[in-house]
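# Next input, structure requested:
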Amino acid sequence: MKIIENGKEIILTPIPELLNQNEEVYKSYLCDTEGGRIFSVRSGRFLVSNPNHKGYCYVSCRVGGKGRPYSVHVLVYSSYSGMKQSDWRAMGLEINHIQENSKHINEISNLELITHKQQFQDKHDPYIRAKMGTSRRLTIPEVREILQAWINFEGDKRGTFVWDMVEKYGVGYKAIIDVLEGRSYKNLGELA
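So this is what the prediction gives:
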């Protein structure tokens, strides 16, 4: 199927992953693999995708009258490859987002199938060691410094701030994100 959006022709393709539900769901949604978006045939528009706490984007597809979340990168890769996730998993493969800090970018040009082991090699992700972290834990004074620095941060990209803190404190990317999002050191207010 083709649609025109802002004067540009967009090709929409079927999504085999949705065959896991039923034929009606499969026919109700199409994918713009170049744009990394999911199109609802019923409403005639693209679905809004929402990132989870890890940054992966999800859309809600109606299955049996209820919305069910699907990860956008899985739907896009399924549409592009003509396979279901169970097919590539059976081959020992999983989807990798190629660009650094790009779990929200689901264009097919940013997705590749690789093994789980390959995802943790520097050639696929030079920042993997920082993302995986170290066994080092932040101290309470360091957490306070990070939170104060975040309050005073004048930049517009959280990722830039996080990578600066990773480098400064020698901990993993997730450790800094967890501090900023309140998933770790929750009792910091009580310790003050």
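# residue contacts, Leu12?
With contact taken as CB atoms under 8 Å, 6 or more residues apart in numbering, Leu12 is in contact with 1-3, 30-32, 39. Backbone N, C-alpha and C define where each C-beta goes, glycine included.
# if you set the cut-off to 10 Å instead, what comes out?
1-3, 29-33, 35, 37-39, 41, 46, 79 (CB atoms under 10 Å, 6 or more residues apart in numbering).
# Which ones among those residues lie within helices?
Among the contacts of Leu12, the members falling in helices (DSSP state H) are Ser79.
# nearest to Arg68, of the contacts of Leu12?
Ranked by distance to Arg68 (CB to CB), the contacts of Leu12 are led by Tyr29 at 11.3 Å.
# In this structure the closest one contacts Ile15, no?
Yes. Between Tyr29 and Ile15 there is a contact under CB atoms under 10 Å: 5.9 Å.
# the more surrounded of the two?
Taking neighbours as other CB atoms under 10 Å, Tyr29 and Ile15 compare with Ile15 leading, 27 against 23.
# and Ile140, how many neighbours does it have?
By other CB under 10 Å, neighbour count at Ile140 equals 12.
# on that earlier part again, so what's in contact with Tyr29 and Ile15 at the same time?
Common neighbours of Tyr29 and Ile15 (CB under 10 Å, 6+ apart) are 38-39, 61, 70, 75, 79.
# Going by distance to Lys186, which of those wins?
Closest to Lys186, out of all of the shared contacts of Tyr29 and Ile15 and judged by CB to CB, is Tyr70, at 30.9 Å.
# mind exporting the one helix or strand that closest one maps to as PDB, just the C-alpha atoms?
Here Tyr70, judged by DSSP states H and E, is contained in strand 66-71. What follows is strand 66-71, C-alpha atoms only, in PDB (Å, rounded to 0.1, in the frame of the first residue of the first chain):
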ATOM      1  CA  LYS A  66      -8.100  -4.400  23.700                       C
ATOM      2  CA  GLY A  67      -4.800  -2.500  23.200                       C
ATOM      3  CA  ARG A  68      -1.700  -4.700  23.300                       C
ATOM      4  CA  PRO A  69       1.800  -3.300  23.400                       C
ATOM      5  CA  TYR A  70       4.300  -4.200  20.700                       C
ATOM      6  CA  SER A  71       7.900  -3.100  20.400                       C
END
